[in-house]
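Visitor: kindly return the folded structure for what I paste below:
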Amino acid sequence: MLLRTSSAALLLFILCLHSSLALKLCSFNIRSFGESKKENRQAMEVIVKVIKRCDIILLMEIKDSNNMICPMLMEKLNGGTTYNYVISSRLGRNVYKEQYAFLYKEKLVSVKKRYLYHDYQVGDADVFSREPFVVWFQSPFTVVKDFVIVPLHTTPEASVKEIDELVDVYTDVKHLWNVENFIFMGDFNAGCSYVPKKAWKNIRLRTDPKFVWLIGDGEDTTVKKSTSCAYDRIVLRGQDIVNSVVPKSSGVFDFQKAYKLTEAEALDVSDHFPVEFTLQFSRAVTNSKKSIQSRKKVKPKHS
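Guide: Down below sits the predicted model:
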């Protein structure tokens, strides 16, 4: 009886962790995410649906001087699954300010460290309009047990320089924390007129083959049918994390199509679609679930 009870409890725990045995990571620029959008019920329903698809999600363009957006999201999200979040300070050179936020499922991952990149290198100061809010995540369930996420929302006109500068962020974080596995994600404005084809040769994040780009130049991360630009990107560094990506899991999530919205309704949510990919769970977790499921299929004999 004790064995059966403990097995059932373990099965429930693993099922609660993730039905598909993969950790989904997402990046979503929610255009002008402030008070007016917070009061738009239909838009908020879509935003919550999008977030619930993800185990870790980066949110950008949070414009919230009262710090109410993330607490509000926690109330809407924390039903069966418990989310937590980390959020940057308000970033920007002038009056215009934004925040980065990471929302994550506490049963799957935890935050080890965080810091705001110091954008004050001698001779190369203040490159970023919104310097990266770097977060070191840990997960006991994935093949890669820890990884650093570097978010970026560029100023469109400075995209080439800001994307290139992510290599310096990588070097700085690697020296600071001695970590190997990196995820760079966000709205890089990495397409169309902001990063023309001739500009890629000046971007070290692209010319160095050790940085692996999951979202290609031919993708369309924009909601408007009149545009087709790969603004939002995901880039990896570290052989272990590259090898841990679930095949064919990276791409753009078209929430307009998924939730049957008109273009106007979708634009009320954002002018960007999220980008995403998944990391494999470790074999031990996978085998545990399979073993328990096999035992459940065997009917007990009755005397």
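Visitor: tell me the spacing between the closest residue to Asn40 other than its chain neighbours and Val160.
Guide: Excluding the flanking residues, the one nearest Asn40 by C-beta to C-beta, 6 or more residues apart in numbering is Asp268, at 6.1 Å. The way it works is simple: take the backbone N, C-alpha and C, and place the C-beta from them, glycine included. To Val160, Asp268 is 31 Å away according to C-beta to C-beta, to the nearest Å.
Visitor: got it, and Gly216?
Guide: From Gly216 to Val160 the distance is 18 Å (C-beta to C-beta).
Visitor: who's more crowded, the two?
Guide: The residue with more neighbours, out of Gly216 and Val160 and counting by other C-beta atoms under 10 Å, is Val160; that gives 19 against 10.
Visitor: and the more buried one, what pLDDT?
Guide: Looking at Val160, its pLDDT reads 97.
Visitor: mind telling me what element it is part of?
Guide: According to DSSP states H and E, Val160 maps onto helix 159-177.
Visitor: ranges for the helices of the stretch 201-303 of the chain?
Guide: 204-207, 239-243, 255-258, 263-269, 283-297 (DSSP state H, counting those that start in this stretch).
Visitor: least reliable of the ones you listed going by mean pLDDT?
Guide: In terms of mean pLDDT, the lowest-scoring of those is helix 283-297 (a mean of 51).
Visitor: any regions of the stretch 151-300 of the chain where pLDDT drops low?
Guide: For the stretch 151-300 of the chain, the stretches with pLDDT under 70 are 284-300.
Visitor: near the spatially closest residue to Lys63 that is not a sequence neighbour, how many residues? Count them for me, please.
Guide: Closest residue to Lys63 apart from its sequence neighbours, by C-beta to C-beta, 6+ apart: Gly34 at 4.0 Å. When counting by other C-beta under 10 Å, one arrives at 18 neighbours for Gly34.
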